[in-house]
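>>> Build me a structure from this.
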Amino acid sequence: MNLHIVKKILNAEVICGSEFLNRDVKMGCGCDLMSHVLAHIEHKDTLLLTGLTTPQVIYTTDVVDIKAICFVRGKRPDEEVIKLAETYNIVLLGTNLPLFESCGKLYKEGLTGISEYESSN
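Below is the predicted model of the structure:
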């Protein structure tokens, strides 16, 4: 699913990385525990949906090679986090929707989760 479509489905704003909205994501991950992201996500074509806005989120997505994050519940990262994301070319989106609804809307439109993604590959 193209990030332009993700933006539309979630009525999201682009916080940074608008030049990379042409990227495609193949699966989504809704998680606030970065240790779980590190342990379970091995696919760079993943969209991370989270309510955490700390620098650790950017460092974690860089380690796993995730290229896009959508902050949920109207959360917005501070300038330090935005600058880190720009350094690593990570797209940051923000939506007012809660995590559960954001994941559900994307799933309904065809973005798979890890179990479906792994079984299809």
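>>> Can you list the low-confidence ranges for this protein?
115-121 (pLDDT under 70).
>>> which residue ranges form the helices in it?
Remark: helices assigned in the chain by DSSP state H are 3-9, 34-40, 55-64, 79-87, 99-108, 114-120.
>>> got a markdown table for those, with distance to K26 and mean neighbour count too?
Heads up, the C-betas are built off the backbone N, CA and C, glycines and all. Output for the helices of the chain, formatted as a markdown table (distance: least, Cβ to Cβ, whole Å; neighbours: other Cβ atoms under 10 Å):
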| stretch | distance to K26 | mean neighbour count |
| --- | --- | --- |
| helix 3-9 | 12 | 18 |
| helix 34-40 | 15 | 14 |
| helix 55-64 | 14 | 18 |
| helix 79-87 | 20 | 15 |
| helix 99-108 | 12 | 17 |
| helix 114-120 | 6 | 12 |
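>>> Make a markdown table out of the ones you listed and add distance to L21.
Below are these laid out as a markdown table (distance: least, Cβ to Cβ, whole Å):
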| stretch | distance to L21 |
| --- | --- |
| helix 3-9 | 5 |
| helix 34-40 | 22 |
| helix 55-64 | 17 |
| helix 79-87 | 14 |
| helix 99-108 | 15 |
| helix 114-120 | 21 |
